[in-house]
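>>> one predicted model, sequence on top.
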Amino acid sequence: MFVNGYGNIGRRLATMLSADREIQFIGVAKYTADMKTKDALDNQFGIYVPESNLIQFRNSNYEVSGTVEEAVKQSDIIVDAAKEGRGFDNKKSLYEPMKKAAIFQGGEDRCGARSVADMIHNSRVNYAEASGKIYVIQGSCNVSGMGRIMQPLAEEFGDEIERYDVTIVRRWADLEDSKEIRDSIEWDRNPHHQEDVKDFMPTANLYVEAYKVPSRMMHLHQMLIRFKTKAPSKDRVIELLSKQFGVAILNSAIGSADVRRKALTLGFQHGDTNMVHIHQEVMRVQDDVLKILYTDDQTGMVIPENHLLLQSMVFRRPKGEAIKKTDALFQLSRKKRILEEEFK
Ligand SMILES: NC(=O)c1ccc[n+]([C@@H]2O[C@H](COP(=O)([O-])OP(=O)(O)OC[C@H]3O[C@@H](n4cnc5c(N)ncnc54)[C@H](OP(=O)(O)O)[C@@H]3O)[C@@H](O)[C@H]2O)c1
């Protein structure tokens, strides 16, 4: 397997694939001969670059293992982690001509002229449907988090739920990004999350608004669930969500940075919790409405999701077994216990 791209998501995917003994990991693609190339080499990852960039890398004295084309040729499946939208070009120029399977990330299009796949994966909802597929999109972090909360609610309360309204407060940049953060709150004319979630939960009556704020510390979701009659008790909802894989129930964090800093000080790999965190103390039930506030680890969320997706697409493993393997690799259950204890 090969990771095409070595940005915030690509480097985490590379850590994952290199740690899984079942997988023969070829290396990562780099397009720019910058310091992240050194980071990849320090991590012992093979570096593959476009043929046209070989001279740039050699002039910078970076050791290159080959071209991107050669790495794709050697792979059975590529995990594409390109800048948003470039996965489509990679599919057309590399994966399709070489008849290679690929996983794309959430920044790629599901529909329209630049669609890369006919399904978006969310392990809580449609894990089994990805089995044997050639091209699949792993939903973005926000989309993955929403499926993880909404699907158990839909299974438990079914037709009693009238609609879901989600306000996403998005981080401006990731911790590792060097781009400038503007002092502004930006709105999104057409949040893609609504249609993405409906791709795997087609009957959900969902409405999403998204705002970008000058923070690097996770996304925050305010989810309002309106019921036909009275909303269920908070205790019942907490009990249901506490049993979910990759969902932690916290009680004393005062902001998203608390959770991120805790992950960093506890030495979690890449500073990731890899999950969503329900903030129990501000969950409210008011008449027919249940209000859930949760933070979503933007960079870490999708990495175990990609691992689960690989197990469905490539190994065709039953979901229970796949979750055990992913949990062993990412220590999600252990991290959940630790976070719940730290923020009890
Ligand atoms: N960041 C998040 O929190 C997050 C969460 C969930 C999903 N995603 C999705 O994951 C994908 C990657 O996001 P990111 O945050 O990792 O982006 P990023 O940090 O900006 O990294 C993008 C990478 O793409 C590489 N690249 C440039 N041209 C390429 C090409 N033609 N093919 C493959 N790679 C190419 C760049 O290489 P060079 O640096 O060498 O130029 C860079 O390493 C996007 O679809 C995004 O929507 C991101």
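Thanks, I have it. Residues are numbered from 1 along each chain as shown.

>>> sticking with the closest residue to the ligand within the stretch 201-344 of the chain, tell me its helix or strand.
Of all residues in the stretch 201-344 of the chain, residue 298 sits closest to the ligand, at 3.8 Å by Cβ to the nearest ligand atom. The way it works is simple: take the backbone N, C-alpha and C, and place the C-beta from them, glycine included. For residue 298, there is no host helix or strand (DSSP states H and E).

>>> I'd say it and residue 176 touch.
No: applying Cβ atoms under 8 Å as the test, residue 298 and residue 176 come out as separate, 11.4 Å apart.

>>> of the two, give the one with the bigger neighbour count.
Higher neighbour count among residue 298 and residue 176: residue 298, with 25 against 14, using other Cβ atoms under 10 Å.

>>> any idea how far the ligand is from the closest residue to the more buried one other than its chain neighbours?
Spatial nearest neighbour of residue 298, chain neighbours left out: residue 141 (4.7 Å); criterion: Cβ to Cβ, 6 or more residues apart in numbering. Going from residue 141 to the ligand by Cβ to the nearest ligand atom, to the nearest Å gives 4 Å.

>>> ok now do residue 141, which residues does it touch?
For residue 141, the contacting residues are 106, 219, 296-299, 301-302, by Cβ atoms under 8 Å, 6 or more residues apart in numbering.

>>> can you name the two of those that sit furthest apart?
Based on Cβ to Cβ, the longest span within these runs between 106 and 297 and measures 14.0 Å.

>>> I figured residue 185 hits residue 172, correct?
No: contact between residue 185 and residue 172 fails when scored by Cβ under 8 Å: they sit 9.8 Å apart.

>>> so who does whatever residue of the chain ends up closest to the ligand touch?
As assessed by Cβ to the nearest ligand atom, the ligand sits closest to residue 7 within the chain, at 1.7 Å. Applying Cβ under 8 Å, 6+ apart to residue 7 gives the contacts 36, 81, 83.

>>> ignoring the adjacent residues along the chain, who's closest to the first one?
Going back to what we said before, that points to residue 36. residue 6 (5.8 Å).

>>> look up phi and psi at the one you found.
Backbone torsions of residue 6, given as degrees, to the nearest 10, read phi -140, psi 50.

>>> and for it, the neighbour number?
For residue 6, using other Cβ under 10 Å, the count is 27.

>>> over to the one 10 residues further on?
Residue 16 is flanked by 22 other residues according to other Cβ under 10 Å.

>>> wait, isn't it in contact with residue 302?
No: counting by Cβ under 8 Å, residue 16 stays clear of residue 302, with 10.6 Å between them.

>>> quick one, which of residue 185 and residue 172 is more surrounded?
Neighbours were counted for residue 185 and for residue 172 using other Cβ under 10 Å; residue 172 has more, 19 against 11.

>>> OK, contacts around that one?
Contacts of residue 172 (Cβ under 8 Å, 6+ apart): 181-182, 212-216.

>>> let's see it at 7 Å
Listed by Cβ atoms under 7 Å, 6 or more residues apart in numbering, the contact set of residue 172 reads 181, 212-216.

>>> now residue 156
By Cβ under 7 Å, 6+ apart, the contact set of residue 156 is residue 240.

>>> ok, residue 120 next?
With contact taken as Cβ under 7 Å, 6+ apart, residue 120 is in contact with 110, 137, 139, 143, 196, 199-200.

>>> residues contacting the host helix or strand of residue 238, please?
Remark: residue 238 resides in helix 234-242, with elements defined by DSSP H and E. Residues from elsewhere that reach helix 234-242, judged by Cβ under 7 Å, 6+ apart: 149, 152, 156, 247, 249, 278, 280, 283, 285, 290.

>>> got the buried residues for it?
237, 240-241 (16 or more other Cβ atoms under 10 Å).

>>> and the gap between the most centrally placed residue in the chain and residue 273?
Geometric centre of the chain, nearest residue: residue 302, 2.0 Å, by Cα atoms, centre = their mean. Distance of residue 302 to residue 273, given as Cβ to Cβ, to the nearest Å: 13 Å.

>>> now swap in residue 303 and tell me
From residue 303 to residue 273 the distance is 11 Å (Cβ to Cβ).

>>> looking at these two, which one has more neighbours?
residue 273 (26 against 23).

>>> report pLDDT for residue 301.
What the model reports as pLDDT for residue 301 is 97.

>>> show me which of the contacts of residue 120 neighbour the ligand.
Near the ligand, judged by Cβ under 6 Å from any ligand atom, there are no entries from the contacts of residue 120.

>>> dump the residues you listed to CSV, plus secondary structure and pLDDT.
As requested, these are arranged in CSV below (DSSP: H, G, I helix; E, B strand; the rest coil; pLDDT from 0 to 100):
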residue, secondary structure, pLDDT
110, coil, 97
137, strand, 98
139, coil, 98
143, helix, 98
196, helix, 98
199, helix, 98
200, helix, 98
